[in-house]
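*Asks:* Curious how this folds, go ahead:
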Amino acid sequence: MSFESIPSKALNFFDIPEVNSLSVSFSYNFFTTDEKVDETGNEALNGNLSERFLKKGTADTTNLNARIPRYVQLSFSLSDSKKKMMGNRSTSNLLKATKEEIIEALNSGMVATEDDVSTGRFKSVIAGNQSIEDDLDKLLRLTLNRYVASVEESSVQDAINRFSPNTKIGSSFMSSRMVPPSLNERPDGKLFSDFMTEQKKIKSAVQLNSSYAPSILRRSIDSGNSLSRDLLFSRFFDYSNSSSEPTDMLISEDEGVFDIPAVDIEKSDDIFVPEASIVGVILEKNRVYKGKRYPMPVVITTGKNPTTAYDSQVAYGQTYEYIATTLAKVRIPVTSDDGRTYAQTLFIASKPSSPVQVTIEEDRAPEPPQDINYHFDYSSESLYLTWAPPINPQRDVKYIQVYRRKTLDEPFQLIANLDFDDSIIRNKTKEDIDEGLTISFSSMPTYFIDSDFGRESSYIYSLVSVDARQISSTYSTQVKVSFDSQKNKVKKELISYAGAPKQYPNWMIKENFFVDSMKDSSHGKVDIYFNPEAYTVVRGSGETFPAFYSTTIDPLSKYVFQFMNTDRLLEKKLELRIDDTAYQSILKTSQVGGEDDDE
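*Replies:* Okay, the predicted model is just below:
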């Protein structure tokens, strides 16, 4: 009885250092009229920095920001393989590549991935927590909605107070850090789930057998215990569409052939030690619009240990996604069927990184106009307002609005909207402005004539700048202007400093409008109620402190009301203490009950 020994299929693996900690940031420097449609960028800022933007080997950011209107900066690090490839000090030109050579290899299909080298039997998968914010948003929104719906006119804070005793998380931490934005907008500078920063960095790069990857991912979906079900569904369908029937049981004559495209093949007399070196990082780029991804030209940065790449080919308002792979040049010995030895040079790309997205938008408010002055024109009996352009390094101020009112008790009234917006695609206005108030200019005006102002008039004036994104500045200085008939000239009085937001025009007036006393007459009785809407105050840094002081916080705390009768020159003091002992005992009992239920 004879037996035939059949070898297994060859399994080839190349371990190329992968991109770690890929992060993206956007810099907006100044306005251009075609910024919403122009993606041509600047060739000197595409991948590597050109020499014109380098100063002693480092980025010359001053020169860069002065010349490039907007750009994306991608930062990353490389995780070396077990056999240190990044430590390779070889200076051989055979293991170097220019940006042009890499682009030519990509266009001609000469770049192979680690999956390609494994003869297509394996697929790379990056499993991580990049979507943890969206996943937690959905989970907490659905959870809190049940508690909000259980009681009529229930607030989000009420829902948290009822939900918190069933968890190990305090209501204070939950309300300050875990309320999803879909239920409650976070304060400025506060990011939802920013306490999960370390968890978002966790990821695993694995290679799954391409024939069985769909069934492996299917089990995760069927288990139903993952927050990232949408991502798992997407990957499941991708692998299902690209999978093929297992052929591991079939034998062919070509299965031992190493069929990977080579950029160079040369005859070698002796067997030599394979060598490899990193030549750059390739950043696959997609424009994301309404959930769909549209491929864009790749961004390439060259070098043995690159850490930064730049992309100026971005349009304002668009969202871009980047996926990074390390590119290595590998030189290995191969043997032909007739026994001759050759040196084969390959381009091998690593496993892809986790995708990162950036939206090309900025929200920096402009400054109001400066050096505002008022002149009376005796010939036309009108008031001339003049000003200097606002300090605006972004060059994006496109409107000047002129406001006036008679007294501090009245709201401001818009009397002119000076429009000099030269954008190819304009943003919709956020305010409902009467078309009759809009005056068009080809460039920024520095004056306005108020023909309604006369010798008997008295108005408070202020100006506001509005940029191309319809973001308004604060009010400029507010000046009360009237005409002094005795001196026959304009009289000006400063009413408010600059800096008041549009919603609160009296925010910066020179007097204190949040007084600590109240005036009343014709009453002999007063009722005092304590019904707080908030128990704690959360600063932008996340620090919490009580909105009021009760006896459980400070046994000596008290609030003093002083009643004064100005007619009889009499006064009386009323001392009040907030005793929340009963409330705290109920809260502790509910928390203990919640812990017992968990046990």
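*Asks:* only C-alpha atoms for contact and neighbour calcs from this point on.
*Replies:* Will do.
*Asks:* Can you pull the domain assignment for this structure?
*Replies:* Following automatic domain parsing, the chain resolves into domains at 18-121+266-359, 132-201, 370-496, 536-598.
*Asks:* By mean pLDDT, show me the worst of the ones you listed.
*Replies:* Mean pLDDT is lowest for domain 132-201 among those, at a mean of 66.
*Asks:* So for Tyr504, which of the domains of the chain sits nearest?
*Replies:* domain 370-496 (9.2 Å; Cα to Cα).
*Asks:* quick one, strands of the stretch 351-500 of the chain?
*Replies:* In the stretch 351-500 of the chain, the strands defined using DSSP state E, counting those that start in this stretch lie at 356-359, 370-377, 382-388, 397-405, 413-419, 438-440, 447-450, 458-467, 478-484, 489-496.
*Asks:* nearest to Leu569, of those?
*Replies:* Leu569 sits nearest to strand 489-496 of all the strands of the stretch 351-500 of the chain, at 33.9 Å, using Cα to Cα.
*Asks:* In the closest one, which residues are buried?
*Replies:* Across strand 489-496, burial judged by 16 or more other Cα atoms under 10 Å covers Val490, Lys491, Lys492, Ile495, Ser496.
*Asks:* quick check, nearest of the residues you listed to Pro17?
*Replies:* Ser496 (60.5 Å).
*Asks:* The closest one and Thr566: what is the separation?
*Replies:* For Ser496, the distance to Thr566 equals 31 Å [Cα to Cα, to the nearest Å].
*Asks:* And for Phe31?
*Replies:* Remark: distance between Phe31 and Thr566 (Cα to Cα) = 61 Å.
*Asks:* Measure how far stretch 453-462 is from the centre of its chain, please.
*Replies:* The chain centroid and the centroid of stretch 453-462 are separated by 45 Å under Cα atoms, centre = their mean, to the nearest Å.
*Asks:* Helices of this structure, start to end?
*Replies:* Counting by DSSP state H, the chain has helices at residues 61-67, 99-107, 114-117, 132-149, 156-163, 171-177, 197-201, 213-223, 229-242, 581-598.
*Asks:* Compare neighbour counts for Phe31 and Thr566 and give me the winner.
*Replies:* Taking other Cα atoms under 10 Å, Phe31 and Thr566 do not tie; Phe31 has more neighbours (18 against 8).
*Asks:* show me the residues around that one that make contact.
*Replies:* Pro69, Gln394, Arg395, Asp396 (Cα atoms under 8 Å, 6 or more residues apart in numbering).
*Asks:* which of those residues are buried?
*Replies:* Here, 16+ other Cα under 10 Å leaves Pro69, Asp396 buried among the contacts of Phe31.
*Asks:* mind putting the contacts of Phe31 in CSV, distance to Pro333 included?
*Replies:* What follows is these, written out as CSV (distance: Cα to Cα, whole Å):
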residue, distance to Pro333
Pro69, 48
Gln394, 56
Arg395, 59
Asp396, 59
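*Asks:* So which of the contacts of Phe31 is the closest to Leu556?
*Replies:* Of those, the one sitting nearest to Leu556 (Cα to Cα) turns out to be Gln394, at 53.8 Å.
*Asks:* my guess is that closest one contacts Thr32, does it?
*Replies:* No - under the criterion of Cα atoms under 8 Å, Gln394 makes no contact with Thr32, lying 9.6 Å away.
*Asks:* neighbours around Asp554, how many?
*Replies:* 10.
*Asks:* distance of it from Leu574?
*Replies:* For Asp554, the distance to Leu574 - Cα to Cα - is 19 Å.
*Asks:* cool, Thr552 as well?
*Replies:* Taking Cα to Cα as the measure, Thr552 and Leu574 are separated by 21 Å.
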